[in-house]
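Engineer: Structure, please.
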Amino acid sequence: MTASDWLHEQFEPTGSSIGFRVTRKLDEVQSPFQKIEVWESTDWGNVMLIDGAMMVTTRDNFLYHEMMAHPALFTHPDPKRVVIIGGGDCGTLREVLRHPGVEKAVQCDIDEQVTRMAEKYFPELCESNADPRAQILFDDGIAHMRNAEPASLDVVIVDSTDPVGPAEGLFNQAFFESCHRALRDDGILVQQSESPLALLDLMREMRAEMARAGFDSFQTLPFPQPCYPTGWWSCTMARKGGRGFGFREADARAKAFATKYYSAEVHLGAQALPPFVAQALGG
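Structural biologist: Numbers count the residues shown, from 1 in each chain. This is a model prediction of the structure:
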């Protein structure tokens, strides 16, 4: 093989890179917001990049999508109304709609081209797009949450890229305040929270911004994600009103749908943070 047969993302903050062996570029589009590429790989299926950053592969996307959706929905006592900010590949939407109690799930991503590329090259992620409970919007997620009706939502999932470019405004106090206002008293905010191995400072700052917005309890759940920097990723849940993060374990064990990674046992295990992460995040 030659160097041109490999697709690499160099991630400067961690001094590392990740690469996949590829056979050809399937598509590329420059949207008004970002450059989106899809490559065919030899072992990982299709690979999507946004502005040069690995976003999703056919082989490992289930790890991220299942952990962004199911821990929160099994923690909430009765989730009926869910909003996903970002998530244009539609994989998190698919997982949310596996829960029969969900009555409406709105996905709001600013870039329609991400969804169009997913429909073409990751159709399995888009299989629930026609579900009558789904509403797919191509709009500014910050404005969507700012205009949301107070106390109207049960779960808000922020399925965003890294906090740069179009996603930069999804990691600050003002945005989290709008989420806090839109959530009911037992509501849950979920934010993808980067690598606990390399980006603990960002995680601490994100939690601080959430706290300044009014949230007062937090739980970070790590999970493997081979296509992201360090191969180890996380999501963080935030609640208001002092509620904890005990989940409906019996319901998780008896769920009527299949998952490839998430289970009640995995959920329990993810709650046990490694000591260095727990210490850095204050428990």
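Engineer: Pull out the buried positions in the helix or strand where Met145 lies.
Structural biologist: Per DSSP states H and E, Met145 falls inside helix 141-146. Neighbour-count burial for helix 141-146, counted by 16 or more other CB atoms under 10 Å, picks out 141-142, 144-145. (C-beta placed from N, C-alpha, C; glycine too.)
Engineer: Poorly predicted segments of this structure, please.
Structural biologist: Under the criterion of pLDDT under 70, the regions of the chain flagged as low confidence span 1-4, 161-171, 283.
Engineer: can you give me the strands in the stretch 1-150 of the chain?
Structural biologist: 6-11, 16-30, 35-41, 46-50, 53-57, 81-86, 104-109, 134-138 (DSSP state E, counting those that start in this stretch).
Engineer: Touching the second one from outside, list them.
Structural biologist: For strand 16-30, contacts defined as CB atoms under 8 Å, 6 or more residues apart in numbering pick out 1, 5-11, 35-44, 46-47, 54, 57, 113, 117, 120-121, 198, 226-231.
Engineer: just to revisit the earlier point, closest to Arg243 out of the strands of the stretch 1-150 of the chain?
Structural biologist: With CB to CB as the measure, strand 81-86 is the member of the strands of the stretch 1-150 of the chain nearest Arg243 (17.5 Å).
Engineer: what separates the lengthiest helix in the chain from the chain centre, distance-wise?
Structural biologist: Longest helix in the chain, counting residues (DSSP state H): helix 61-75. Chain-centre distance of helix 61-75: 8 Å, with CA atoms, centre = their mean, to the nearest Å.
Engineer: Apart from its neighbours in sequence, what residue is nearest Gly241?
Structural biologist: Leaving aside its sequence neighbours, Gly241 sits nearest to Asp185 (CB to CB, 6 or more residues apart in numbering; 5.3 Å).
Engineer: My guess is that neighbour contacts Ala151. True?
Structural biologist: Yes: in terms of CB atoms under 8 Å, Asp185 counts as a neighbour of Ala151; the distance is 7.4 Å.
Engineer: Setting aside sequence neighbours, what's the nearest residue to the residue positioned nearest the centre of the chain?
Structural biologist: When CA atoms, centre = their mean is applied to the chain, the residue found nearest the centroid is Asp159 (3.4 Å). Using CB to CB, 6+ apart and skipping residues adjacent in sequence, the residue nearest Asp159 is Gly87, 3.5 Å away.
Engineer: For that neighbour, grab the count of nearby residues.
Structural biologist: Counted with other CB atoms under 10 Å, the neighbours of Gly87 add up to 30.
Engineer: any idea how far it is from Tyr121?
Structural biologist: Distance from Gly87 to Tyr121, counting by CB to CB, to the nearest Å: 16 Å.
Engineer: for Leu199, same thing?
Structural biologist: 28 Å.
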